[in-house]
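*Asks:* Have a look; sequence and predicted model below, questions after that.
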Amino acid sequence: MPSGFKVVHWVLLRVPGSFLTTMIPVGHTVRSILLIQTQRVLASTSRKQYAQMALRDRQSSRDQGRTNSREHDRGVLEDVLAITRDVHPQHTRKWFEELEPLGMASGAFGIRAQTDMHRDYLRRTCLDAFNDALRDVTGQLLAVRFLGPNDAWDSPVTTVKKNAKDSIASKAPAQAATVAPKPDPSVDGTTTQEQPETATPKASDTNIWADEAGISANELQSRSSTPIVHASSERARLDTSGALPINPDYAFDDFVIGPNNRLAHAASVAVSENPGYAYNPLFIHGGVGLGKTHLLQAICLKITQENPDINLHYVSCDGFMTQFMSAVQSGQMAEFRHTFRDVDLLVIDDIHFLAKRDRTQEEFFHTFNALYQANKQIILSSDASPEEIPDLEERLVSRFMWGLVAKVERPGFETRIEILKRKAEARGLTLPEPVITEIAHYIDTNIRELEGAITKLQIYANVEKRPIDLDLARDALGEEFAAAVSAQGTGPTIGRIITEISGYYSVKRTELLGKRRHKSIALPRQVGMYLARKYTRHSLEEVGAHFGGRDHTTVMHAVKTITTRSKEDESLHSDVLAIESRLRVGNNNEASNYA
């Protein structure tokens, strides 16, 4: 070995997880060199682990953003519902709790309903109320869009901040209007038209809303630049065929059964289970606000739920007449007949308006025959029975009575109590038993007045910030209700008035309620209508229904005639005073004895 050289031991360093090719001398520097090489290997491993961790963090962040987005949308909807309950209690329903928020897209906040009928009810009844509440919550000019279970919806973007009073002052985006360029008429010869403006948020503010939504600023910017959906476009989605909307609250489960409506309810259930064969036609009649429309819509709801593809047409008699006259004028009778004859189920409300409509009666006669011969179900409702509808052709009267004619009468006391409970529960309202009892006792005319009393109570309680009790009910429902509660009201009923008139003028009750117009019958009938309007709270339509199903204009004419003539005719004035004195005394259930 040459001089000047010394033996140096070399070793191959092996670091766990890697082989190093560097040969290093064993000596005092080995420890430092080993540390350096180990740090290099660990650094390479850490970068891989960090990249994996960062990927997992981004995925977790996106998932958390989606969760936060859904929670935020739910919070917006809950605030909208809270405002709606306070400001528009008459529109509030318990099933609102089942609505699903979809977020914001194209300037609209999506809300999905349970069924298409719930969606249509919201569009027709609650659109303005929800829009106002949404703008109060978000502080932006957004619009609500209601969707059914199968309606498509754009990928939702979380709405802007709630509690807008704070956000408007500090973070709300200032809307910068951008106008699309106008076409040059010299190029294509078209008329220059100003394009609609589109509101676009500033970039700095977009980041604020994007952070809260849990999405990228670019995504929010692109979706926010889409023109907003206005209420008018949402209403344009409604059915324009002239068909009546079906209220999802009018199901059989929500109908209160009592002695006054048991037959009509049983017949309606039978028809819904076997349309076209059970009772065809089904004719339901009774006074105003007694549940006829509820039964008609309950049939429609059940049939459509069990057979969604059924061709059903539900329309008012006025709608039938309007479409018929329009078809005649426009020469589109083929389309009209297709609408009303090529159906599986035809439901017409208030068929008594066919009276005195000769050409319309002729057309409906042929429509009825076409459907009946094809075993298609026909359901009709009226304020009077078929034979009591004035000026209705005999051939129609006989056909209306081919199936089953069922009458709905005024609900009894127990039925009214249950109706009040059901109506209050549907609105998420709890009424004390004393309040329910008093309202049911003194509002005995029809269901609509009971529901109106609940609406007044709910609004009055919200405005006054008071719990609902008997004192509040007296304040909300007015002096008349309070006086009735205090004095145990003893006003005459229409039945009592008719009995007194019949006895005073020696006219049979059947003649008084019949169609004869002889003076000896017409005058007592007019006096009866006059007294019914004076001493009861019945509407014109209800008084007319009690007096043989007459039109409200007939009642108006009778009241005006007796008011005028009693001032000029001393004999008539004396007769009216005599009957009034009899009505103030005696038993409400028995007629007075005239000398």
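*Replies:* Good, I have the coordinates. Residues are numbered from 1 along each chain as shown.

*Asks:* what residue ranges in the stretch 201-350 of the chain score low on pLDDT?
*Replies:* Applying pLDDT under 70 to the stretch 201-350 of the chain flags the ranges 201-242.

*Asks:* Go again with 90.
*Replies:* By pLDDT under 90, the weakly predicted segments of the stretch 201-350 of the chain are 201-251, 253-254, 258-260, 276-278, 287-289, 304-310.

*Asks:* which residues of the stretch 251-400 of the chain fall in helices?
*Replies:* In the stretch 251-400 of the chain, the helices defined using DSSP state H, counting those that start in this stretch lie at 262-273, 292-306, 317-330, 333-341, 358-373, 394-400.

*Asks:* who's in contact with the third one?
*Replies:* Defining contact as C-beta atoms under 8 Å, 6 or more residues apart in numbering, one finds that helix 317-330 is touched by 242-244, 315, 332-333, 335-336, 339-340, 348-354, 357, 359-360, 363-364. Where C-beta positions appear, they are placed from N, C-alpha and C, glycine not excepted.

*Asks:* Report the angle between that helix and helix 358-373.
*Replies:* With axes from the mean of the first three to the mean of the last three C-alpha atoms, to 10 degrees as the basis, helix 317-330 and helix 358-373 are set at 110 degrees to each other.

*Asks:* C-alpha coordinates for helix 317-330, CSV please?
*Replies:* What follows is helix 317-330, C-alpha atoms only, in CSV (Å, rounded to 0.1, in the frame of the first residue of the first chain):
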residue,chain,number,x,y,z
CYS,A,317,-121.1,25.4,-13.6
ASP,A,318,-120.1,29.0,-14.3
GLY,A,319,-116.9,27.7,-15.9
PHE,A,320,-118.9,25.2,-18.0
MET,A,321,-121.2,28.0,-19.3
THR,A,322,-118.3,30.4,-19.9
GLN,A,323,-116.3,27.8,-21.9
PHE,A,324,-119.5,26.9,-23.8
MET,A,325,-120.2,30.4,-24.9
SER,A,326,-116.6,31.0,-25.8
ALA,A,327,-116.6,27.9,-27.9
VAL,A,328,-119.8,28.9,-29.7
GLN,A,329,-118.4,32.3,-30.5
SER,A,330,-115.0,31.0,-31.7
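
*Asks:* Show me which residues of it are buried.
*Replies:* Using 16 or more other C-beta atoms under 10 Å as the test for burial, helix 317-330 gives C317, G319, F320, M321, Q323, F324, A327.

*Asks:* Could you figure out how far that helix is turned away from helix 333-341?
*Replies:* Using the same axes, to 10 degrees: helix 317-330 against helix 333-341 is 160 degrees.

*Asks:* picking that back up, please spell out the ChimeraX selection for the buried subset of the contacts of helix 317-330.
*Replies:* The ChimeraX selection below is limited to those of these classed as buried (16+ other C-beta under 10 Å):
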select :244,315,336,339,340,348,349,350,351,352,353,354,357,360,363,364
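
*Asks:* if we can go back for a sec, for the helices of the stretch 251-400 of the chain, which one sits closest to I443?
*Replies:* I443 lies closest to helix 292-306 among the helices of the stretch 251-400 of the chain, at 17.7 Å (C-beta to C-beta).

*Asks:* and the closest one, what other elements does it pack with?
*Replies:* helix 262-273, strand 282-286, strand 312-316, strand 345-349, strand 377-382 (3 or more C-beta pairs under 8 Å, 6 or more residues apart in numbering; DSSP states H and E).

*Asks:* switch the cut-off to 10 Å
*Replies:* Secondary-structure packing of helix 292-306 (3 or more C-beta pairs under 10 Å, 6 or more residues apart in numbering; DSSP states H and E): helix 116-121, helix 262-273, strand 282-286, strand 312-316, strand 345-349, strand 377-382, strand 404-408.

*Asks:* Nearest to I459, out of those?
*Replies:* helix 116-121 (20.5 Å).

*Asks:* Show the subsequent helix or strand relative to the closest one.
*Replies:* helix 127-138 (DSSP states H and E).

*Asks:* got the CA positions of that following helix in PDB?
*Replies:* Taking only C-alpha atoms (Å, rounded to 0.1, in the frame of the first residue of the first chain), the coordinates of helix 127-138 have been written out as PDB:
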ATOM      1  CA  LEU A 127     -97.300  32.700  -3.700                       C
ATOM      2  CA  ASP A 128     -97.500  36.300  -2.600                       C
ATOM      3  CA  ALA A 129     -97.200  35.500   1.100                       C
ATOM      4  CA  PHE A 130     -94.100  33.300   0.600                       C
ATOM      5  CA  ASN A 131     -92.500  35.900  -1.700                       C
ATOM      6  CA  ASP A 132     -92.900  38.700   0.800                       C
ATOM      7  CA  ALA A 133     -91.600  36.500   3.600                       C
ATOM      8  CA  LEU A 134     -88.600  35.300   1.600                       C
ATOM      9  CA  ARG A 135     -87.600  38.900   0.800                       C
ATOM     10  CA  ASP A 136     -87.900  39.900   4.400                       C
ATOM     11  CA  VAL A 137     -85.700  37.000   5.400                       C
ATOM     12  CA  THR A 138     -83.000  37.400   2.800                       C
END
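
*Asks:* for the record, mean pLDDT for stretch 546-565?
*Replies:* Stretch 546-565 comes out with an average pLDDT of 87.

*Asks:* picking that back up, quick check, nearest of the buried residues of helix 317-330 to F547?
*Replies:* When the buried residues of helix 317-330 are compared for distance to F547 (C-beta to C-beta), C317 wins out at 20.6 Å.

*Asks:* Of all pairs in the buried residues of helix 317-330, which one spans the longest distance?
*Replies:* Largest separation among the buried residues of helix 317-330 by C-beta to C-beta: C317 and A327, giving 15.6 Å.

*Asks:* ok so, going back, can you add distance to T510 and give the helices of the stretch 251-400 of the chain back as a markdown table?
*Replies:* Below are the helices of the stretch 251-400 of the chain laid out as a markdown table (distance: least, C-beta to C-beta, whole Å):
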| stretch | distance to T510 |
| --- | --- |
| helix 262-273 | 22 |
| helix 292-306 | 24 |
| helix 317-330 | 27 |
| helix 333-341 | 36 |
| helix 358-373 | 26 |
| helix 394-400 | 18 |
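
*Asks:* Low-confidence stretches in the stretch 401-550 of the chain?
*Replies:* In the stretch 401-550 of the chain the weaker segments, taking pLDDT under 90 as the threshold, are 410-417, 422-500, 502-522, 532-550.
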